[in-house]
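> only geometry, no sequence info:
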DNA sequence: ATAAAACCTATAACAAAGATGGGGTAATTA
DNA sequence: TAATTACCCCATCTTTGTTATAGGTTTTAT
């Protein structure tokens, strides 16, 4: 399951996507829309900004806005950013790899090999579905 | 990511699958093979037994054994048993459904709709891959 | 100058996972 | 009868991760 952080990130991105006509959107607006703590959301939006998905403007009249096109924001990117690995085991993660301590030889581990296949199938979906798909269905 | 519990369950099932020629396998043997605490593994094997995947025999010469054919033990079954939901959000889980509190209308939620698609793609893989696939690669 | 708003860091609070240990009971074999 | 081994319930403890909050700073429009 995704963490709430990641779910909130998707909500925020959806909201920003729906309000692309206006220059900026306040944290406040998003936090009220979804009942998310203002401070909690602040951290999330900041991470999305650092990842180059959002832009922001300080001071009066400031706020957040989408930098990327919705079709260029893959679900996988958001998940990895806030939740970490997509793979089901650390030993098959592309971005957060760690060996399994109990495993004598990865090359001889059937579980490892099957989980690589599972990972690749998951990535086929999560890298191709984007924020645009979410917006299309709102 | 899968919990260690689930990973250990897969290890145990793999071990049992590789030793189907012998009548029973001791908890001890599996826990030593993978360096898993005996007590921790005990609980896992018990759950697998209650789910009808394993059988057991008490007393001297006792132990655990596979009841099901490896090809009939889907990854999804083991994951759901020990880890819970496969879906990425509670509101799209088939077996552990819960509504999202922040969501006014599920029908109008684009995130919900996309995550249903993701879930179905994941299930395509996890319901078709089985213990047999793991054993084939050992 | 003032108010608005994002930015930044730290940390508290809480929950879940992981691991361990005790103390048994029940079934089975030899 | 004795030894073996799964079964069961519990309690605890540590570690980890998630969720949330606090308090201050910097930037900007008016």
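Looks like it arrived, so ask away. It should be emphasised that the depicted structure is a prediction, and the values quoted were computed from it without experimental measurement.

> Show me what stretch A:104-122 is in contact with.
A:86-89, A:91-94, A:99-100, A:103, B:7, B:10-11, B:14, B:75, B:121-122, B:124-126, B:129, B:133-138 (CB atoms under 8 Å, 6 or more residues apart in numbering or on different chains). Just so you know, the C-beta spots here come from the backbone N, C-alpha and C atoms, and that holds for glycine as well.

> The same query, at a cut-off of 6 Å, please.
A:87-89, A:91-92, A:103, B:10, B:125, B:129, B:133-134, B:137-138 (CB atoms under 6 Å, 6 or more residues apart in numbering or on different chains).

> And for stretch A:24-41?
A:8, A:11-12, A:15-16, A:19, A:42, A:57, A:62-65, B:102.

> returning to what we had before: which pair of the contacts of stretch A:104-122 spans the longest distance?
A:103 and B:125 (22.0 Å; CB to CB).

> starting at the chain centroid, how far to the helix or strand bottoming out on mean pLDDT in chain A?
Between all helices and strands in chain A, the lowest mean by mean pLDDT, DSSP states H and E belongs to helix A:110-126, at a mean of 94. Centre-to-centre, helix A:110-126 and its host chain are 19 Å apart (CA atoms, centre = their mean, to the nearest Å).

> Same question for stretch A:104-121.
That offset, for stretch A:104-121, works out to 25 Å (CA atoms, centre = their mean).

> Show me where chain A has its strands.
A:54-57, A:63-66 (DSSP state E).

> Against which helices or strands is the first one packed?
Here strand A:54-57 is seen to pack against strand A:63-66 when contacts are counted using 3 or more CB pairs under 6 Å, 6 or more residues apart in numbering or on different chains; DSSP states H and E.

> Give me the buried positions along the strand it packs on.
A:63, A:64, A:65, A:66 (16 or more other CB atoms under 10 Å in any protein chain shown).

> swap in stretch A:95-110?
A:100, A:103, A:109, A:110.

> Quick check: the gap between whichever residue of chain A sits closest to DNA strand D and DNA strand C.
At 2.6 Å from DNA strand D, residue A:59 is the closest residue in chain A, using CB to the nearest atom of the strand. To DNA strand C, residue A:59 is 4 Å away according to CB to the nearest atom of the strand, to the nearest Å.
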